[in-house]
Every structure is written in structure tokens, then in C-alpha cells.
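Need the 3D shape of this:
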Amino acid sequence: MKLFFRKLGKGQPFIILHGLYGSSDNWVSIARELSANFEVWLIDLRNHGHSPHSKDHNYGLMAEDLYAFIAEHQLIKPILLGHSMGGKTAMYFADKYPELLSHLIIIDIAPKSYLFSIDIQSDTLNHKQIMEGMLAIDFSRLKKREDLNKELAKFIPNEQIRQFLMKNIKRNHDMSFGWILNIEDLYENINNILDGFKPTGNKSIQDFPVLFVKGAESEYITSDDLDEIKSFFPNAKLEIIPHAGHWLHVQQPELLIKKLKEFLV
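Coordinates of the predicted model:
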């Protein structure tokens with residue numbers, strides 16, 4: 001699958017993979033700061049942004065999409081950063097192709113399965129409810145973005161999440177609104193998206209430096225997850241960003257950039 005991308009700067013390749021409902025556009029401000037020292041590649045993962053849609057969506061396929069991308073653009077020893085779903089994709093890629101990477105950075109996601117979260121009441125973890133809210137929107141009845149916000153509020157009470165989702169709005173040829181991401185097939189593959197990291201072998205990944213970054217107010221990485229992280233990535237370092245939740249690159253961009261630069265020195 002030929003993925004859409006944006007490229008900024010010159011230097012060592014630095015690949016950034018967005019999370020669920022995200023796109024390369026969400027990371028442009030971070031990329032601009034990093035582009036003074038790195039050649040930053042922002043990728044739209046399958047079924048997101050301007051990349052192609054597919055009925056198939058799982059981490060094995062996304063890791064292979066990334067492998068094809070790196071081969072096509074002849075990227076040598078890139079730094080790989082992944083947020084949330086992009087972080088799980090990065091784990092799978094690192095497991096299968098460790099020799100291709102120089103550093104691995106995982107933003108606010110643990111290797112564990114999040115299938116437990118399907119039926120719990122949580123603003124950020126209940127992706128089933130979020131997706132069902134998105135699927136319920138009748139765009140033919142909407143005249144402006146404010147109308148969409150009101151409709152989404154019936155399913156998604158968190159204003160910040162609604163504003164994030166609304167970055168996925170596009171104008172069709174008839175000037176009606178629609179989702180740019182493939183929400184129908186993402187919903188059909190929700191179990192694959194929430195599933196845990198399943199490495200191909202029993203070996204731990206120690207080929208390069210690894211950094212996990214957690215938002216202090218996020219529910220995605222807990223103290224109970226640290227042993228599992230270390231079992232897969234024994235040399236992993238954990239940094240915690242204060243006053244930030246799951247979307248810490250939006251809530252604390254300057255501090256995140258500082259932590260990334262310190263790790264990469």
C-alpha cells in the first residue's frame with residue numbers, strides 16, 4: 001500500500017506514526033521543531049488521512065506498509081516514533097525488522113491488549129462508543145461544523161476529543177461533509193486495533209535504545225504495565241510528561257520535544 005506522507009528537514013531519517021483517528025497533519029508542529037536536526041517523515045497510516053482505504057486493518061499489515069515505505073524511500077537506520085495505534089505498529093515493526101532501526105520511541109501506549117476497554121466508561125479508552133458516535137452521524141443533515149459538534153456530543157461528552165475527531169472532516173464534491181478516514185472498516189477491525197503486542201519470537205528487543213513516554217494524566221500506561229514493557233524491551237526508558245493526557249503532543253509539545261532531544265543526544 002502506497003502511503004501518503006509529508007517530509008520536513010534534512011539529516012537522519014525520523015519517522016512519525018500517528019494514532020487512531022489521527023493523521024500526519026497532527027504532528028506537523030512537532031516535526032517543524034525536529035526538522036532542524038532530522039529529516040522528518042510524517043506518514044498517514046492505512047485508513048487514515050490521505051492514505052488508501054482497506055477492509056483489512058491490523059498491526060502486521062501496518063508494519064509491512066511501513067517496511068515497503070522505508071524500502072521505497074531508501075531510508076537508512078531511521079528513528080521510529082509511534083503514538084497510540086502508531087506505537088503498536090512501531091512495536092511490531094521493531095520486532096520483525098530490528099536491524100533497520102536506530103531508535104524506537106513509543107508514545108502513550110503499552111504492549112498490553114486494550115480489549116478490556118470496549119465496555120468501560122472512559123472518555124479516552126472507550127473506542128467502541130467513539131466509533132459508534134462517528135458512524136451515527138447523518139452528514140446530509142449538517143450545514144456547518146458546529147452542527148457536527150452538537151451531534152457528536154450525544155455520544156462523546158469530551159469536547160477535546162470531539163475537536164480532535166473533527167479534524168477528520170472533508171468536503172465532498174457536492175460540498176457536503178464526510179469523514180476522510182475509513183471509519184466503517186476501522187470499526188469492523190476494532191478488536192485488531194485494541195489487541196496486544198504479540199512478538200514473533202521469544203527474544204526481547206535490545207538492538208537499539210527504546211523510549212516510552214507517558215502522559216501523567218493518561219490511562220493508557222499504568223504502573224502495572226512496566227514489567228510487561230521491560231519483558232519486551234529490557235533497556236526501555238520511561239519518561240512521564242506532567243499535566244498531559246493521551247494526546248500529550250498537543251497538550252505539552254515543548255516538553256515532549258525536550259524529552260525527545262535528550263533521548264537522542
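
Just the element for the nearest residue to L34 once chain neighbours are set aside, please.
Nearest residue to L34 in three dimensions, chain neighbours excluded: V40, at 5.2 Å (CB to CB, 6 or more residues apart in numbering). In this view, the C-beta of every residue, glycine as well, is placed from N, C-alpha and C. Per DSSP states H and E, V40 falls inside strand 38-43.

Count the neighbours of the residue nearest to L34 for me.
28 (other CB atoms under 10 Å).

quick one on the thing from earlier: which secondary structure elements does the strand holding V40 contact?
strand 5-8, strand 12-17, helix 28-34, helix 59-73 (3 or more CB pairs under 8 Å, 6 or more residues apart in numbering; DSSP states H and E).

what does it contact?
3-18, 24-25, 27-28, 31, 34, 51, 66, 69, 73, 75, 78-79 (CB atoms under 8 Å, 6 or more residues apart in numbering).

Let's see that with 7 Å instead.
Contacts of strand 38-43 with the rest of the structure, by CB atoms under 7 Å, 6 or more residues apart in numbering, involve 3, 5-17, 24, 27-28, 31, 34, 69.

so how far is it from its chain's centroid?
With CA atoms, centre = their mean, to the nearest Å as the basis, strand 38-43 stands 15 Å off its chain's centre.

Partner strands of that strand, with direction?
Partner strands for strand 38-43, per DSSP bridges, with pairing direction: strand 5-8 (antiparallel), strand 12-17 (parallel).

among the ones you listed, which is the most enclosed?
strand 12-17 (a mean of 24; mean count of other CB atoms under 10 Å).

thinking again about what came up before, can you give me the mean pLDDT across the strand holding V40?
Here strand 38-43 scores 98 as its mean pLDDT.

May I have it as CSV, with CA atoms only?
Provided in CSV are the C-alpha atoms of strand 38-43 (Å, rounded to 0.1, in the frame of the first residue of the first chain):
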residue,chain,number,x,y,z
PHE,A,38,16.4,15.5,11.3
GLU,A,39,14.7,14.5,8.1
VAL,A,40,11.2,14.0,9.4
TRP,A,41,8.8,11.8,7.6
LEU,A,42,5.2,12.1,8.7
ILE,A,43,3.1,9.2,7.4
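
Hey, what's the angle from it to helix 59-73? Just curious.
130 degrees (axes from the mean of the first three to the mean of the last three CA atoms, to 10 degrees).

list the contacts for Y59?
Taking CB under 7 Å, 6+ apart, one finds K88, T89, Y92 in contact with Y59.

if I look at it, how far off is L66?
Distance from Y59 to L66, counting by CB to CB, to the nearest Å: 10 Å.

Now the common contact residues for those two.
With CB under 7 Å, 6+ apart, Y59 and L66 have common neighbours T89.

Walk me through the domains of this protein.
5-112+197-264, 117-190 (automatic domain parsing).

just these: most buried one?
domain 5-112+197-264 (a mean of 19).

Would you confirm that I130 contacts I156?
Yes. Look at I130 against I156 with CB atoms under 7 Å: they come within range, at 5.9 Å.

Could you grab the helix/strand/coil label for D227?
helix (DSSP: H, G, I helix; E, B strand; the rest coil).

Looking at strand pairing, list the partners for the residue nearest to L34.
Residues in a beta bridge with V40, per DSSP bridges, are L8, F14.

mind checking how far it is from I16?
7 Å.

anything in contact with each of these two?
Counting by CB under 7 Å, 6+ apart, the residues touching both V40 and I16 are A31.
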